[in-house]
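> Predicted coordinates and the sequence they were generated for:
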Amino acid sequence: MSISRELRHFLIATFVINWLLAGAFFLSPFDYGGVAATIMAVTYMLVPGVVALVIDRRAGRKVRDSLWLKFKPNRWWVVAWLLPVFLAFAALGAAVLMPGISFDLGMEGFFEQLGSFLSEEEIDEAREQMEAFPSGLFIVIQLAQGLVFGATLNAVFGLGEELGWRGLMLRELAGRGFWKSAAIIGVIWGIWHAPLILQGHNYPEHPVIGVALMTLWCVALSPLFSWVTLRSRSVIAAAIMHGTLNATFAFSFIFLDQIIILVTGLNGLIGIGVLVVANILLFFVAPPMLSEEDWPK
């Protein structure tokens, strides 16, 4: 089955714009990890959505229907909001089961990782701020902040991606069925990250292997994102899930006494294993259905 003209135009425009943006940053005098890199990264996130909107508007479509840009809340928005938290803590629990890795409220593994980016004075200041709160209260505050920002500011930037992945792409690949379309979207979504990963995003010490691991991660995440989108009939649910995933992701590793970049965390091998289990449960407990008829012609 060949791809549609809309999908072809979307992929070409998105990859050309994003990879030129990342390439320009690579050639700039700025280091990846600073304020300039953050600005570039959030701009990078908005490109797929802008391209999808332009393509559908030029085709005369009503994007509210064609991209499921529907702002009518339902219970699946709540599922999309809370699922990333569950996945993060599941990855944390799975890591603790590994030999040589223990749960640590003192976050020694996290502070050790910060040593690569912050001075000793800055790390000491961070420790003091954390120790100013009882451990339980600190977790509650961080979790509350993650949930609030995940469903608001982070969701706005998440929508920039999701209008492309779970908006235009899910629609254009609907004829291939749920699992095949989710896999294709996951592979493209992962490869799309490559210029950022190669510059140090997510796997700073392993940029090349990181591209492969990021792609596996996106493939494992993709069915869950497609599932909440289909059940909610709104790409906003995927945006909320995306924003909350980014905002609460750290819970998958901060309470470990040691962090192994390629192994621990939701985006490490352990986290990918957790996502595989989640997909198996999805397949047997609530098998999703996808049809081209879900979208207006």
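It's in.
> C-alpha from now on. contacts and neighbour counts both.
Noted.
> For Met238, list the residues it contacts.
Small correction: residue 238 is Ala, not Met. 80, 158-159, 162, 166, 225-226, 228-229 (C-alpha atoms under 8 Å, 6 or more residues apart in numbering).
> Which one (most neighbours) among these?
In terms of neighbour count, Glu162 stands highest of the contacts of Ala238 at 32 neighbours, by other C-alpha atoms under 10 Å.
> Identify the residues contacting the helix or strand where that one lies?
Secondary structure assignment for Glu162, by DSSP states H and E: helix 153-162. Helix 153-162 has contacts (C-alpha under 8 Å, 6+ apart) with 42, 45-50, 149, 235-236, 238-244, 246-247.
> can I have that helix written out in CSV, keeping just the CAs?
This file holds the C-alpha atoms of helix 153-162, laid out as CSV (Å, rounded to 0.1, in the frame of the first residue of the first chain):
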residue,chain,number,x,y,z
LEU,A,153,2.3,24.3,29.4
ASN,A,154,3.9,21.0,28.5
ALA,A,155,0.8,19.8,26.7
VAL,A,156,0.9,22.8,24.4
PHE,A,157,4.3,21.8,23.1
GLY,A,158,3.2,18.2,23.1
LEU,A,159,0.3,19.1,20.9
GLY,A,160,2.9,20.5,18.4
GLU,A,161,4.1,16.9,17.9
GLU,A,162,0.8,15.1,18.4
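> tell me which residues in it are buried?
For helix 153-162, burial by neighbour count (16 or more other C-alpha atoms under 10 Å) applies to 154-162.
> CSV please, covering the contacts of Ala238 and showing distance to Gly175.
CSV is the format used below for the contacts of Ala238 (distance: C-alpha to C-alpha, whole Å):
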residue, distance to Gly175
Ala80, 24
Gly158, 25
Leu159, 24
Glu162, 19
Arg166, 14
Phe225, 18
Ser226, 14
Val228, 18
Thr229, 16
